[in-house]
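S.K.: next come a sequence and a model predicted from it.
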Amino acid sequence: MIRSRTTALATLAVTALALTACSAGSLGSSDSGGGGDAVTLNFLVDNGEQTVKTAEQLGKDFSAANSGITVKVETRPAGSEGDNIVKTRLSTGDMSDVFMYNSGSLFQAIAPKKNLVPMGDQPWGAGLDDNFKSTVTADGQIYGAPYGGFMGGAILYNKPVYARLGLQIPKTWAEFMANNAKIKAAGIAPVIQTYGETWTSQLFVLGDFHNVAAAEPDFADKYTKNQAKYGTSAAARKGFEHLQQVHDLGYENKDFASAKLPDGLKLLAQGKGAHYPILSAVVSDLAATYPASTKDVGLFAIPGDDAAKNGLTVWAPAGVYVPTSTTGAKLDAAKKFLAFIASKEGCDSQAKAGAVTGPFAVKDCKLPADVPQVVQDMQPYIDKEGSSSLALEFLSPVKGPSLEQITVEVGSGIRKAAAGASLYDEDVKKQAQQLGLAGW
């Protein structure tokens with residue numbers, strides 16, 4: 001699924017989600033500051049280059065504003081190995097004073113009510129974006145501050161191509177396909193697909209969830225209870241149908257079966273491809289390899305059937321949490337640190353550390369003026385109520401490991417959309433049963 005792919009993606013993009021394992025010693029118990037009232041907070045993050053850089057900048061700026069408190073950054077591996085470290089250290093009471101971890105369903109899996117200090121009494125909670133707030137809330141209590149910005153599952157598009165052909169941003173799937181017809185007639189690949197990296201094949205399905213939720217607001221809840229399925233929900237199945245339609249009409253680039261992410265970005269940057277359904281975080285790699293394209297490549301949400309409900313599917317930032325093992329002066333300092341992260345000053349600190357690849361989850365935070373057009377185009381969706389929805393994985397723990405292989409098959413004409421949707425329903429069944437979910 002997409003969540004597991006963002007780490008690899010951002011390694012390419014040199015963003016905040018990349019994955020140098022630390023020594024066992026660096027994961028040891030917290031130490032206090034050197035005498036007096038000084039406090040040292042150990043801050044555990046994954047070992048991605050940009051993640052560590054951001055954490056160190058936050059620690060530096062926070063300490064400068066809070067005399068006597070020092071933040072020491074620790075690292076852990078990303079992926080499943082890192083997940084196991086976090087869960088083990090929480091269960092043994094050996095967690096760092098503050099730590100960064102996933103939001104959403106994975107946050108729920110670390111038993112926040114048992115293992116984390118609630119932050120519901122902290123005033124900064126009121127300033128959080130509602131979508132993010134819901135991903136770090138359990139039993140009505142907020143537990144985390146946002147680390148990084150939102151990521152969109154959307155369509156990146158070449159603005160000069162649109163200008164040259166006189167095209168408008170589509171608000172419905174029919175308008176999108178009409179644009180594709182004009183683009184193909186102009187000799188340009190309408191939709192870039194890069195199935196040489198299978199994870200990139202999923203966006204027409206996963207990035208379509210805002211439209212699913214608009215049509216069936218209770219889909220995520222019913223899906224978790226095995227009362228709704230992709231194969232039987234007309235709204236959910238449309239992501240698979242869109243994949244098939246794009247292929248059947250010949251709208252993909254000729255090398256879609258073997259092309260990889262760098263190939264897709266090249267086509268997009270050079271205007272040889274018009275649309276690329278992908279995660280917005282790839283803008284970092286785009287900026288690194290084709291810097292001039294950051295003004296020429298924009299973003300719009302994957303269109304659905306109803307223009308009035310047009311909106312963006314988003315992946316929420318990670319959260320920063322305080323474990324229940326943090327007490328006394330360290331707890332007071334940790335609460336101040338989370339308040340700093342969830343403030344305008346915290347956003348400015350994170351922006352100082354590296355490229356901003358998505359809107360912040362703190363309402364008072366504004367994007368720097370020099371962010372790529374892709375990021376600028378995301379902000380209105382975040383600002384307008386009802387114009388963004390969390391990806392399904394933040395609302396339900398039910399996921400299957402084979403979606404990217406199934407979407408490659410549907411997008412390549414190997415399997416029909418209806419069969420692909422039903423196959424994915426079978427794919428998630430085993431995982432749901434392993435989680436012990438009711439109704440499975």
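M.R.: Cool, the structure landed. Numbers count the residues shown, from 1 in each chain.
S.K.: check whether Phe62 sits in a helix, strand or coil.
M.R.: helix (DSSP: H, G, I helix; E, B strand; the rest coil).
S.K.: correct me if wrong: it contacts Phe340.
M.R.: Yes. The pair Phe62 / Phe340 is scored as a contact, 4.7 Å apart, by Cβ atoms under 8 Å. Just so you know, the C-beta spots here come from the backbone N, C-alpha and C atoms, and that holds for glycine as well.
S.K.: overlap of the contact sets of these two?
M.R.: Residues touching both Phe62 and Phe340 (Cβ atoms under 8 Å, 6 or more residues apart in numbering): Gly346, Ser349.
S.K.: closest to the centroid, which residue in this protein?
M.R.: Trp315 (3.2 Å; Cα atoms, centre = their mean).
S.K.: gap between the closest residue to Met151 other than its chain neighbours and Phe394?
M.R.: Nearest non-adjacent residue to Met151, counting by Cβ to Cβ, 6 or more residues apart in numbering: Trp315, 4.2 Å away. Counting by Cβ to Cβ, to the nearest Å, the separation of Trp315 from Phe394 is 7 Å.
S.K.: stretch 407-422 spans what distance, first to last residue?
M.R.: From the first residue to the last, stretch 407-422 extends over 12 Å; the measure is Cα to Cα, to the nearest Å.
S.K.: quick one: the strands in the stretch 1-150 of the chain?
M.R.: Taking DSSP state E, counting those that start in this stretch as the test, the strands found in the stretch 1-150 of the chain are 39-46, 69-76, 98-101, 137-138, 141-142, 145-147.
S.K.: so what strands line up beside the third one?
M.R.: By that I understand strand 98-101. strand 39-46 (parallel), strand 318-321 (antiparallel) (DSSP bridges).
S.K.: which one of the ones you listed is the most hemmed in?
M.R.: Mean neighbour count, computed with mean count of other Cβ atoms under 10 Å, is highest for strand 318-321 among those, reaching a mean of 27.
S.K.: check which element follows it along the chain.
M.R.: Heading C-terminal from strand 318-321, the first helix or strand you meet, by DSSP states H and E, is helix 328-341.
S.K.: was I right about the residue nearest to Met151 contacting Leu279?
M.R.: Yes. With contact defined as Cβ under 8 Å, Trp315 counts as touching Leu279 (7.4 Å).
S.K.: separation between the residue nearest to Met151 and Lys238?
M.R.: In terms of Cβ to Cβ, Trp315 sits 20 Å off from Lys238.
S.K.: what's the answer for Val191, then?
M.R.: 16 Å.
S.K.: comparing the two, which shows the higher neighbour count?
M.R.: In this view Val191 and Lys238 are compared by other Cβ atoms under 10 Å, and Val191 has more residues nearby, 27 against 23.
S.K.: pLDDT score for that one?
M.R.: Looking at Val191, its pLDDT is 98.
S.K.: ok, now which ones touch it?
M.R.: Asn180, Val246, Tyr251, Glu252, Asn253, Gly273, Ala274, His275, Tyr276, Pro277.
S.K.: excluding chain neighbours, give the residue nearest to the fifth one in space.
M.R.: The shortest distance from Asn253 to any non-neighbouring residue, by Cβ to Cβ, 6+ apart, is to Ala189 (4.0 Å).
S.K.: surely that neighbour and Asp255 touch.
M.R.: No. Under the criterion of Cβ under 8 Å, Ala189 is not in contact with Asp255, lying 9.4 Å apart.
S.K.: have a look at these two and say which one is more surrounded.
M.R.: Ala189 (23 against 17).
S.K.: so how far is Val246 from the more buried one?
M.R.: 11 Å.
S.K.: and what of Gly59?
M.R.: 46 Å.
S.K.: now Lys60
M.R.: Distance from Lys60 to Val246, by Cβ to Cβ: 47 Å.
S.K.: and these two? Which one has more around it.
M.R.: Taking other Cβ under 10 Å, Lys60 and Val246 do not tie; Val246 has more neighbours (23 against 15).
S.K.: which outside residues touch stretch 255-275?
M.R.: With Cβ under 8 Å, 6+ apart, stretch 255-275 has contacts from 9, 12, 155-158, 160-162, 176, 179-180, 183, 188-197, 200, 253, 276, 278, 282, 285-286, 289-290, 292-293, 296-297, 411-412.
S.K.: name the residues of that stretch that come out as buried.
M.R.: Within stretch 255-275, the residues scored as buried using 16 or more other Cβ atoms under 10 Å are 255-256, 259, 261-269, 271, 273-275.
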